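# Here is the input, now give the coordinates:
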Amino acid sequence: MATKSKLAKKLPVIGVSTLGCPKNLVDTENMIGILHGAGYPITADHSKADFSLVNTCTFIEGSTNESIDVLTELADQGQKLIITGCMAQRFKGDLFEELPEAQAVVGTGNVQDILEVVREVTRNMNEGRDSKIIKVDEVPLAVANANTPRIHTQVGPSVYLKIAEGCDHRCAFCIIPSLRGDMKSRTIEDIVQEAKALVDSGAREIVLVSQDSTAYGTDIYKRRALADLLAAVADESGVEWLRVMYAYPTEMDKEMLEVIKSRKNICNYVDIPLQHASAKVLKSMRRPLSVRDTTELIKTTIPDVCMRTTFIVGFPGETDEDFQELYNFIKDTRFDRVGVFTYSQEEGTPAGTFAEQVPQKIKEERRDKLMLLQQQISLEKNQEHIGKEMQVLLEHIEELDVIASGAEQSLRLVTRSFRDAPEIDGQIYIDLNDDDICPAPGSFIQVKVIACDEYDLFAEMV
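Numbers count the residues shown, from 1 in each chain. All right, here's what the predicted structure looks like:
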């Protein structure tokens, strides 16, 4: 009889990359957790991997191109590929024709099938055969829960917690429902369980994410239950900062805002993609027309709120007058954070077939004009903080080899306030003096703002 050592085979090392949004990142971390639990070594260095897993994004043309570039580069390096996520869901087996190195495609609703797929790919590779595995549910239904293994890949004190999957809205420009399906909420109890585990593992900030966070609960509770969820996580998890991303305008109600206002550990921060201000364009987008009423409700209910939004310019049929209305809306409302995107004509969306497509040059000119406006607004808002004290969360510490004072080395603290969501908003930098005690990453510290630029603040420890 063969010995156990002769039967045992070394498991391949899997290189893993994730592209796209934080929701995709959570999916990747679940897959890593599942594979790691089965003994597979994981690396971010694909040159050390036996084959590669790439969790892709295909929300707009730019993200699709980025995914293709990453996959092509790995293929050119001789890597066999497992393609997961949105591109797998969208293109399925067609990816094998475009990328012969692809061994499997795994859809957005098939995260928990990843171990079965990897084992089959491993067997075939050991036997010198290629795999052509399609694991893509036509209607993605599965949703990870608190018991799904997960290994965090982000460095820092903040973690994402996905509260739901999919979206029931049908915006004319958006492909997400075809990639992620309709709304599928997790229970409040399940989310609180994971939140507690995240805090126990060292998280100081939890960021709740989904495709449509304000619709949370409409499927399982038959009502919007985000207010109840926020209260439960804030009151029961022990988290020090709680933040929620993506609010749909017509679903942002006073009850939800009052919960945010009433809990000290919920950041007074609202992320609400409004997309436009022209009623004509919004109607064509199949978006709510209530953008002005919604922003007024938010500001009235939470006077010190930090409001982030995004807009799309160059949507089919957008005239100079429509754009000017949007420009004036941003100028008058003075949002704290604004992202501006040029419209991307996506196959499979209603707007992809609309007439009156706007030339790319005009889209870019309009985007640049809005960003210049927002830069000035952001600078003026940042200047208002100079001389004020605030609490910040220390993300990490940088070493500066040479600084203007002539010192050989100095430390810079990279921090954020409640007004800054991780990875997308500005930061607050603190250069330490020789007599300053360096706090540990993940600490909350009190600082005084001494300077600013358009996006970031500079401060000193109090």
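# who touches Tyr269 in this structure?
By C-beta atoms under 8 Å, 6 or more residues apart in numbering, the contact list for Tyr269 reads 243, 305-308, 418-419, 421. C-betas here are computed from N, CA, C, even on glycine.
# can you rerun that using 10 Å?
Tyr269 makes contacts with 207, 241-245, 260, 302, 305-308, 336-337, 417-421, 425, as judged by C-beta atoms under 10 Å, 6 or more residues apart in numbering.
# Quick check: phi and psi at it.
The phi and psi values for Tyr269, taken as degrees, to the nearest 10, are phi -140, psi 130.
# Distance-wise, check it relative to Glu66.
Relative to Glu66, Tyr269 is positioned 28 Å away (criterion: C-beta to C-beta, to the nearest Å).
# re earlier: looking at the contacts of Tyr269, which are in helices?
Ile260 (DSSP state H).
# Now, of the contacts of Tyr269, which are buried?
Buried members of these, scored by 16 or more other C-beta atoms under 10 Å, are 207, 241-245, 260, 302, 305-308, 336-337, 417-421, 425.
# Got the phi and psi for the residue nearest to Gly107 when sequence neighbours are not counted?
In space, and not counting its chain neighbours, Gly107 is closest to Val136: 3.5 Å by C-beta to C-beta, 6 or more residues apart in numbering. Phi and psi for Val136, reported as degrees, to the nearest 10, are phi -140, psi 110.
# Val136: neighbour count?
A count of neighbours around Val136, defined by other C-beta atoms under 10 Å, yields 21.
# Likewise for Val192?
The local packing of Val192 (other C-beta under 10 Å) involves 18 other residues.
# and what of the one 4 residues further on?
Each residue near Lys196 was counted by other C-beta under 10 Å, and the total is 16.
# ok, it - contacts?
Here Lys196 is in contact with 146, 233, 236-239 (C-beta under 10 Å, 6+ apart).
# Just to be sure, it is in a helix?
Yes. Counting by DSSP: H, G, I helix; E, B strand; the rest coil, Lys196 is located in a helix.
# separation between it and Ile34?
Distance from Lys196 to Ile34, by C-beta to C-beta: 21 Å.
# sorry, back to before: so of the contacts of Tyr269, which ones are in strands?
Mapping the contacts of Tyr269 onto strands (DSSP state E) picks out 207, 241-244, 306-308, 337.
# between those residues, which is nearest Cys438?
Closest approach between these and Cys438, by C-beta to C-beta: Trp241, at 21.5 Å.
# now that closest one, nearest residue through space, not along the chain?
Glu205 (3.9 Å).
# where's the one you found relative to Thr153, distance?
16 Å.
# Of the two, which one has the most company?
The neighbour count for Glu205 versus Thr153, taken as other C-beta under 10 Å, is higher for Glu205 (26 against 13).
# Wait, that one touches Val392, no?
No. Using C-beta atoms under 10 Å, Glu205 is not in contact with Val392; the gap is 11.4 Å.
# shared neighbours, those two?
Here Glu205 and Val392 share the contacting residues 416, 418, 444, scored by C-beta under 10 Å, 6+ apart.
# Apart from its neighbours in sequence, what residue is nearest the second one?
Read that as Phe418. Phe418 sits nearest to Cys267 (C-beta to C-beta, 6+ apart), 4.1 Å away.
# what's around that neighbour, how many residues?
21.
# Then the one 5 residues further on?
As a burial measure, Ile272 scores 22 neighbours (other C-beta under 10 Å).
# Contacts only, for it.
Ile272 makes contact with 214, 245-249, 251-252, 291, 294-295, 298, 307-310, 335 under the criterion C-beta under 10 Å, 6+ apart.
# Only C-alpha atoms, please: export the helix or strand encompassing Val281 in PDB.
Following DSSP states H and E, the helix or strand that holds Val281 is helix 279-285. Coordinates of each C-alpha in helix 279-285 appear next as PDB, following Å, rounded to 0.1, in the frame of the first residue of the first chain:
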ATOM      1  CA  ALA A 279     -35.900  66.600 -14.900                       C
ATOM      2  CA  LYS A 280     -35.800  65.700 -18.600                       C
ATOM      3  CA  VAL A 281     -32.500  63.800 -18.300                       C
ATOM      4  CA  LEU A 282     -33.500  62.100 -15.100                       C
ATOM      5  CA  LYS A 283     -36.700  60.900 -16.600                       C
ATOM      6  CA  SER A 284     -34.800  59.500 -19.600                       C
ATOM      7  CA  MET A 285     -32.400  57.900 -17.200                       C
END
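# hang on, the earlier thing: could you list every residue that touches the residue nearest to Gly107?
Listed by C-beta under 10 Å, 6+ apart, the contact set of Val136 reads 84, 88-93, 104-110, 113.
# let's go with 7 Å and repeat that
Counting by C-beta atoms under 7 Å, 6 or more residues apart in numbering, Val136 makes contact with 88-89, 92, 105, 107, 110.
# Tell me which of those fall in helices.
88-89.
# of all the contacts of Val136, which two lie farthest apart?
Lys92 and Asn110 (11.4 Å).
# With neighbour numbers in mind, choose between the two.
The neighbour count for Lys92 versus Asn110, taken as other C-beta under 10 Å, is higher for Asn110 (23 against 16).
# Phi and psi next, for that one.
The phi and psi torsions at Asn110 (degrees, to the nearest 10) take the values phi -120, psi 30.
# That one and Asp137 touch, don't they?
Yes. Here Asn110 reaches Asp137: they are 6.0 Å apart, a contact under C-beta atoms under 7 Å.
# before we move on, back to that, got a markdown table for the contacts of Lys196, with neighbour count too?
Formatted as a markdown table, the contacts of Lys196 follow (neighbours: other C-beta atoms under 10 Å):
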| residue | neighbour count |
| --- | --- |
| Ala146 | 18 |
| Val233 | 27 |
| Glu236 | 14 |
| Ser237 | 23 |
| Gly238 | 14 |
| Val239 | 21 |
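# which SSE is Val447 in?
strand 444-452.
# which parts of the helix or strand that that strand is followed by are buried?
Next helix or strand after strand 444-452 toward the C-terminus (DSSP H and E): strand 457-461. Residues 457-459, 461 are the ones in strand 457-461 that count as buried (16+ other C-beta under 10 Å).
# what about the helices in the stretch 351-462 of the chain?
In the stretch 351-462 of the chain, the helices defined using DSSP state H, counting those that start in this stretch lie at 360-383.
# low pLDDT regions in it?
401-409 (pLDDT under 70).
# Please repeat the previous calculation with a cut-off of 90.
Counting by pLDDT under 90, the stretch 351-462 of the chain contains low-confidence residues at 399-410, 432-438.
# for the strand of greatest length in the chain, packing partners?
What stands out as the longest strand in the chain, according to DSSP E, is strand 389-400. Contact here means 3 or more C-beta pairs under 7 Å, 6 or more residues apart in numbering; DSSP states H and E; on that basis strand 389-400 packs against strand 410-416, strand 444-452.
# List the buried residues of it.
So for strand 389-400, counting by 16+ other C-beta under 10 Å, buried means 390, 392-395, 397.
# Could you do stretch 286-295 as well?
287-288, 290-291, 294-295.
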